[in-house]
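Enquirer: Okay, sequence plus prediction incoming.
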Amino acid sequence: MRADGAIPVWPEAISAHADSVDALAIGFFALIWTLALPIGFAIVWFGWRYRRLNEDVDRKQRHHGLTWLELSWMIVPFLLALVFFTWSALLFRDLHRPPADAREVYAIGLQWMWKFEHPGGQREINTLHVPAGEPVRVIMNSQDVIHSLYLPELRIKQDVVPGRTTSLWFRADDPGSYSLRCAEYCGVSHSRMVGELVVMAPAAFEAWLAGTEAGLPLARAGEALFRELGCSGCHGANAAVRAPGLADLYRRPVPLASGETVIADERYLTDSILMPESQVVAGYEPVMPSFQDVVTESELVALVAYIKSLSGREGERE
Amino acid sequence: MTDPSQERPSRSENFWTARETALSWFLTTDHKRVAVLYALTLIATFALGSVGAAIVRLELITPAGDLVSAEAYNRAFTLHGIVMVFFFLVPLIPATLGNFLLPLMLGAKDLAFPRLNLASWYVFVIGAGLAVAAIAMGGLETGWTFYTPLSSVYADGYVTLAILGVFVSGFASIFTGINFIVTTHTLRAPGMGWFQMPLFVWGMYATSLVMVLATPVLAVTLLLVIAERAFGIGVFDPAIGGDPLLFQHLFWFYSHPAVYIMILPALGVMSELVTAGSHNRIFGYRFVAFSSIAIAVLSFLVWGHHMFTSGQSMYGGIVFSFLSFLVAVPSAVKAYNWAATLYKGRITLNTPFLYALSFIGLFVFGGLTGLVLASIAVDVHVHDTYFVVAHFHYIMVGAAVTAFMGGLHFWWPKITGRLFNESLGRFSAVMLFLGFNLTFFPQFVLGYLGMPRRYHEYDPDLQIWNVLSSAGVPMLAVGYGLPLLYLGWSLKIGEKAGRNPWNAAGLEWTTTSPPPEHNFPEPPEWEGPAYPYPVGETEEPQVQEEAQPKPEREA
Ligand code: HEM
Ligand SMILES: [Cu+2]
């Protein structure tokens, strides 16, 4: 029961997407009843009318199958269901198309907490502040096992998988404080991996950003690492080894030695740092060492942020 | 004239008493005795799995994690999941009712490979023993899904031992599947073509195909997890170049079909109960038969719907969503055809039929909520919440276990030669239905409200629904426990049953109850269609001529 004594029956919805998911879910309840009620009625009615002791009914002319009837109850429910399939597939597609101007936040999941980092270097744990009415894209990595960032009031979740970069985006409309949970079982304290999503009016959010102590901004931290780890020795302007330049790389198509072409998104950048052999750029030797055991998850995030900053196209999307 | 349906077998003609020593049970190759061995084993595993469920539901009465520690809680639901799935639900109907009935329904003396059948029980017991040992030594906290790298790198406890147990017991499934397939192909009574077989046999056949094709994938996957734990070979662990999602693909490639290993036999039982309860031929025999095969085939194509939020590609997700919607078609065929079978029937609302009706309700509701999960945008919200827990319990427990209970009551007189107390039977069936819905319906609400599964603590706002859910458990306990008592009593005090107390059609009802060691005094033959109702009672002639199975007609 809620503090005010009301019994919760429906979760709050704080985004247009959440409203659409609710509409779809309610449509589904209608569909369920449409398909199930005929069965229920038929069973009760036949069950009563054709009970053994009722001798007043005609049991002659029994049918043992009618092809048109069979086909009709295969096809009609299926077509109805297809409407719902299409509806929900379209909604799902939107979830995978973040707007170009989405504000980016980095998240790292680990046993058992959520770490968030804003591009300006503001860090928070188990709480995520975002501006209302603006698209926000959360870019996620896991430091150990699989977690899943779940924002029920937005009706979205996305697994956070070690060794890959995943992301989700949303546009929360109503300022307030909402739940943030881990939905993929991740070990003993799974149910404690919970926190708060704080949606603030844009001005309040800017004030919050300004008033929060910031570490080195991510891209700057990444730049320092880039030198420290020796990346610049190969990828730098006057490097001795021939390695692909990284300026202007983010979101560009990259031709691979295998003949494929990939878009250089966060996932590609991460993979190239951790598993360089898996995607060799066309025309280059596979000489880059793996940084798998060299960088921590947060260093990796910083490196990726630095490479993104080089293209000056941060957050942009075609 | 003496009524032949009342004649009873003498002691030596009855499979229970034909051989007296305890050893004769452990070395038996009689499919009926193997079925009994399996049934006793499964009662034990069900009890163990229920302990896990009870701890989970007791803990969740309050939002704080106060009854047991987080670790103990996680071990309890892992115990519950592993035992219920691998050591109870998967073998439940095939190894008990299937083992007992398949040869009887086909008119065969035994299964094609009687010794393989006994071996499957031993293998199963060894596998279960390993898993129980793991639990007795302290258990594990990976969940029954063993997701990597949690299970391969991070989890404590006896993960390797438990996985080994599941691995070993997989061979029991494979043995049973092979045995059923060969038996169905080669040992049908003369005159019984594929489309004269009872639909239970079709259900078992489809199940066997899935068991034989899917189980090896699980076996390989589990071996890889063991190897990863022991030698760090880097298949699933990204830190050494592996892919955690590869595990999920492999795991669900088995475990989604596994759900159909649980439900296809139940659908088969249902066709028997509905036809016998309404004394009518099944409506649309071929459609119902083929729908079992269609479900079995589709079950291999939809595993990706467990991974909509895993980070697989967007188009991958949409394709899996579409394929999952296809499963609705053969499932709808079943439900509508059962309803149509009642039309112009001669219906008795006895215990097996009550279970059948309750099954249809739970199956339809579980199936339709499955459509909700298949629609990808809604699933993103409810995936890994209690909505999913509710959905799979409606199918795996509500439907599959209810069908088993109905089948157990229906064939009890055949198996034991005794009738049970009908009023207690009806009472339990109703309790089970009410208790089930009270336990699991609130979990749909909890899931949509956003309560993730496998939570030891939760938002206090959600307590009311958790309390309701836990309140259903005592009713469920009565629903599952009471039959144990009155069925047990019936062995001593039950009225003797005769060959065919329900006036049902099917070869199994033409032999004595309990059947003799080799099933039939003389090899039976079959004529005419499946389900040649009416049987026994005089009824109006039907439009289509109905043939009787031979022994009945001679009687
Ligand atoms: C007394 C009745 C039962 C109750 C109250 C109950 C309760 C639960 C709950 C609360 C969970 C979720 C645990 C979690 O993941 O957080 C669960 C999981 C599960 N239950 Fe049950 N259950 C019951 C009976 C059964 C039965 C009879 C079966 C099978 C025949 C079954 C099979 C499962 C399975 C396979 C899981 C998944 C475990 C996992 O997620 O690791 N349950 N059950
Ligand atoms: Cu987590």
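Expert: Done, it's in. Ligands and ions are numbered 1, 2, ... in the order given.
Enquirer: can we go C-alpha only for contacts and neighbour counts from here?
Expert: Noted.
Enquirer: so how far is ligand 1 from residue A:228?
Expert: For residue A:228, the distance to ligand 1 (Cα to the nearest ligand atom, to the nearest Å) stands at 45 Å.
Enquirer: Just the endpoints, please. Distance across stretch B:448-459?
Expert: Length of stretch B:448-459, first residue to last, Cα to Cα, to the nearest Å: 14 Å.
Enquirer: Now for the closest residue to residue B:422 other than its chain neighbours, how many residues are close by?
Expert: In space, residue B:422 comes closest to residue B:351 once its chain neighbours are excluded; the distance is 6.6 Å by Cα to Cα, 6 or more residues apart in numbering or on different chains. Residues lying near residue B:351 (other Cα atoms under 10 Å in any protein chain shown) number 24.
Enquirer: Does residue B:351 touch residue B:420 like I think?
Expert: No - taking contacts as Cα atoms under 8 Å, residue B:351 lies outside contact range of residue B:420: 9.9 Å.
Enquirer: For stretch B:98-109, list the C-alpha coordinates in CSV.
Expert: Extracted in CSV, the C-alpha atoms of stretch B:98-109 (Å, rounded to 0.1, in the frame of the first residue of the first chain):
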residue,chain,number,x,y,z
GLY,B,98,3.7,-41.5,-20.6
ASN,B,99,5.6,-44.5,-19.5
PHE,B,100,2.6,-46.2,-18.1
LEU,B,101,0.2,-45.5,-20.9
LEU,B,102,2.0,-45.3,-24.1
PRO,B,103,2.4,-49.1,-24.6
LEU,B,104,-1.1,-49.7,-23.3
MET,B,105,-2.7,-47.1,-25.6
LEU,B,106,-0.8,-48.6,-28.6
GLY,B,107,-1.7,-52.1,-27.7
ALA,B,108,2.0,-53.1,-27.1
LYS,B,109,3.5,-55.5,-24.5
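Enquirer: Figure out how far that stretch is from the centre of its chain.
Expert: Relative to its chain's centre, stretch B:98-109 lies at 18 Å (Cα atoms, centre = their mean, to the nearest Å).
Enquirer: How about residues contacting it?
Expert: Outside stretch B:98-109, the residues that touch it by Cα atoms under 8 Å, 6 or more residues apart in numbering or on different chains are B:31-35, B:110-111, B:180, B:183-184, B:187-189, B:192, B:197-198, B:201, B:204, B:506-508, B:518-520, B:523-525.
Enquirer: buried subset of those?
Expert: B:31-35, B:110-111, B:180, B:183-184, B:187-189, B:192, B:197-198, B:201, B:204, B:506-508, B:518-520, B:524-525 (16 or more other Cα atoms under 10 Å in any protein chain shown).
Enquirer: Which residue ranges of the stretch 151-300 of chain B form helices?
Expert: Along the stretch 151-300 of chain B, counting by DSSP state H, counting those that start in this stretch, helices occupy B:159-186, B:199-231, B:244-278, B:285-298.
Enquirer: Present these as JSON lines; the columns should include mean pLDDT and distance to residue B:467.
Expert: Below are the helices of the stretch 151-300 of chain B laid out as JSON lines (pLDDT from 0 to 100; distance: least, Cα to Cα, whole Å):
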{"stretch": "helix B:159-186", "mean pLDDT": "95", "distance to residue B:467": "32"}
{"stretch": "helix B:199-231", "mean pLDDT": "92", "distance to residue B:467": "36"}
{"stretch": "helix B:244-278", "mean pLDDT": "92", "distance to residue B:467": "28"}
{"stretch": "helix B:285-298", "mean pLDDT": "91", "distance to residue B:467": "36"}
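Enquirer: closest one to residue A:109 among the ones you listed?
Expert: Comparison of those against residue A:109 by Cα to Cα identifies helix B:244-278 as nearest, at 15.3 Å.
Enquirer: quick check: angle from that closest one to helix B:199-231?
Expert: Angle, helix B:244-278 to helix B:199-231, by axes from the mean of the first three to the mean of the last three Cα atoms, to 10 degrees: 160 degrees.
Enquirer: who does helix B:244-278 touch, helix- and strand-wise?
Expert: Contact here means 3 or more Cα pairs under 8 Å, 6 or more residues apart in numbering or on different chains; DSSP states H and E; on that basis helix B:244-278 packs against helix B:90-93, helix B:199-231, helix B:285-298, helix B:328-342, helix B:351-374, helix B:400-416.
Enquirer: how about residue A:139, what does it touch?
Expert: Contacts of residue A:139 (Cα under 8 Å, 6+ apart): A:104, A:105, A:106, A:107, A:165, A:166, A:167, A:168.
Enquirer: Would you check those residues and say which has the weakest pLDDT?
Expert: The lowest pLDDT within the contacts of residue A:139 belongs to residue A:165, with 88.
Enquirer: Surely that residue touches residue A:138?
Expert: No - counting by Cα under 8 Å, residue A:165 stays clear of residue A:138, with 10.3 Å between them.
Enquirer: quick one on the thing from earlier: of the helices and strands packed on helix B:244-278, which is nearest residue B:249?
Expert: Of all the helices and strands packed on helix B:244-278, the one in closest proximity to residue B:249, counting by Cα to Cα, is helix B:199-231 (9.8 Å).
Enquirer: Next one: the closest one, is it in contact with chain A?
Expert: No - shown here: helix B:199-231 not in contact with chain A (Cα under 8 Å from any Cα of the partner chain), separated by at least 14.4 Å.
Enquirer: name the helices or strands packed onto that helix?
Expert: Counting by 3+ Cα pairs under 8 Å, 6+ apart, helix B:199-231 packs on helix B:159-186, helix B:244-278, helix B:285-298.
Enquirer: try 10 Å this time
Expert: Other helices and strands packing on helix B:199-231, by 3 or more Cα pairs under 10 Å, 6 or more residues apart in numbering or on different chains; DSSP states H and E, are helix B:99-106, helix B:159-186, helix B:244-278, helix B:285-298.
Enquirer: Sort out which residues of that helix are buried, please.
Expert: Applying a neighbour-count criterion of 16+ other Cα under 10 Å, one finds B:199-212, B:214-219, B:221-229 buried in helix B:199-231.
Enquirer: and what of stretch A:41-49?
Expert: A:42, A:43, A:46, A:47, A:48, A:49.
Enquirer: so which of the helices and strands packed on helix B:244-278 comes closest to residue B:279?
Expert: helix B:328-342 (8.4 Å).
Enquirer: The closest one packs against which elements?
Expert: Helix B:328-342 sits against helix A:16-49, helix A:67-95, helix B:244-278, helix B:285-298, helix B:351-374, with contacts defined as 3+ Cα pairs under 10 Å, 6+ apart.
Enquirer: can I get the ones you listed in JSON lines with distance to residue A:285?
Expert: Shown next, in JSON lines, are these (distance: least, Cα to Cα, whole Å):
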{"stretch": "helix A:16-49", "distance to residue A:285": "46"}
{"stretch": "helix A:67-95", "distance to residue A:285": "37"}
{"stretch": "helix B:244-278", "distance to residue A:285": "28"}
{"stretch": "helix B:285-298", "distance to residue A:285": "45"}
{"stretch": "helix B:351-374", "distance to residue A:285": "45"}
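Enquirer: Of the ones you listed, which is nearest ligand 1?
Expert: Closest to ligand 1 of those is helix B:244-278 (Cα to the nearest ligand atom; 9.5 Å).
Enquirer: how about the closest one against ligand 1, any contact?
Expert: No - taking Cα under 6 Å from any ligand atom as the criterion, helix B:244-278 and ligand 1 are apart, separated by no less than 9.5 Å.
Enquirer: In the stretch 51-200 of chain A, where is pLDDT below threshold?
Expert: The stretch 51-200 of chain A contains residues with pLDDT under 70 at A:61-62.
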